[in-house]
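**Student:** Predicted model and sequence below, questions to follow.
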Amino acid sequence: MKKDNYFIRLITLFLTFMKVGLFTFGGGYAMIPIIEEEVTKKRKWISEIEILDIIAISETTPGPIAVNTATYVGYKVAGIWGSIIATLGLTIPSFAIIFVISYFYKDFMQWKVIQAAFKGLKIGVILLLLNAVIKLSKNFKINLIGVILFVIALSASLVFSLINSNFKYVSLCLILLGIIVGVVLTIVSKEREKEQ
């Protein structure tokens, strides 16, 4: 990253994440491809490989994934103030829009045009998420264990959502299983590298 004025970096962070928050519909996951585009390709603040780590950490820590991602990127670019400014930039537009919509919600939802717009937004959000998966999957290292874990997690999610069961305990078990397998695979691969 170029050595520039700290204040300019803060303003750039705020405006970048404000644009993401203002023009993204569908929640945190829908923001991920836009954040990835802005911070890796346009601004080159972080690498494409690093964004995968950021997303993984943001997903496992409490809070919305997009807010956690903005906080981490802001910290990386401009320290503590950067994390605060990036988080504010991302959340202020969403807060303002939701505040206005909630005030006029009953009036808005009676309009056929608004109902149709929301249906269209749902499709757009699905496409954004699919786009994010395709872009980010190019950097994944695919192996048999990872595929098996993915299939188990997906199957468990589908089964428990279909039977309307309490999924929190199952998801906790799947997360722990993923952590254990990840740690074991890392240790085994490091041991193999030492032997070679």
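**Tutor:** Structure's in. What do you need? Everything numeric here is computed off the predicted structure, so don't read it as measured data. Numbers count the residues shown, from 1 in each chain.
**Student:** what about residue 45, helix or strand, and which?
**Tutor:** Element membership of residue 45, judged by DSSP states H and E, is empty: it is in no helix or strand.
**Student:** Counting neighbours, what do you get for it?
**Tutor:** Look at residue 45: counted by other Cβ atoms under 10 Å, it has 21 neighbours. For the C-beta atoms, the positions are set from N, CA and C on the backbone; glycine is no exception.
**Student:** Enumerate the positions of the longest helix anywhere in the chain that are buried.
**Tutor:** Longest helix in the chain, counting residues (DSSP state H): helix 65-103. Using 16 or more other Cβ atoms under 10 Å as the test for burial, helix 65-103 gives 65-78, 82-91, 93-94.
**Student:** Tell me the helices and strands packed up against that helix.
**Tutor:** Other elements packing on helix 65-103 under the criterion 3 or more Cβ pairs under 8 Å, 6 or more residues apart in numbering; DSSP states H and E are helix 6-23, helix 28-36, helix 48-60.
**Student:** Tell me the gap between the helix or strand just after it and the middle of its chain.
**Tutor:** Downstream of helix 65-103, the first helix or strand assigned by DSSP H and E is helix 105-109. Taking Cα atoms, centre = their mean, to the nearest Å, one finds the center of helix 105-109 at 29 Å from the center of the full chain.
**Student:** Where does the prediction get shaky in the chain?
**Tutor:** Low-confidence segments of the chain (pLDDT under 70): 1-4, 25-27, 125-126, 128-129, 132-133, 135-142, 157, 160-168, 170-171, 196.
**Student:** at 50 instead, please
**Tutor:** Across the chain, the ranges flagged by pLDDT under 50 are 1-2.
**Student:** So residue 173 versus residue 186, what's the distance?
**Tutor:** According to Cβ to Cβ, to the nearest Å, residue 173 and residue 186 sit 20 Å apart.
**Student:** Please apply the same query to residue 5.
**Tutor:** 40 Å.
**Student:** now swap in residue 11 and tell me
**Tutor:** Distance check for residue 11 against residue 186: by Cβ to Cβ, it reads 40 Å.
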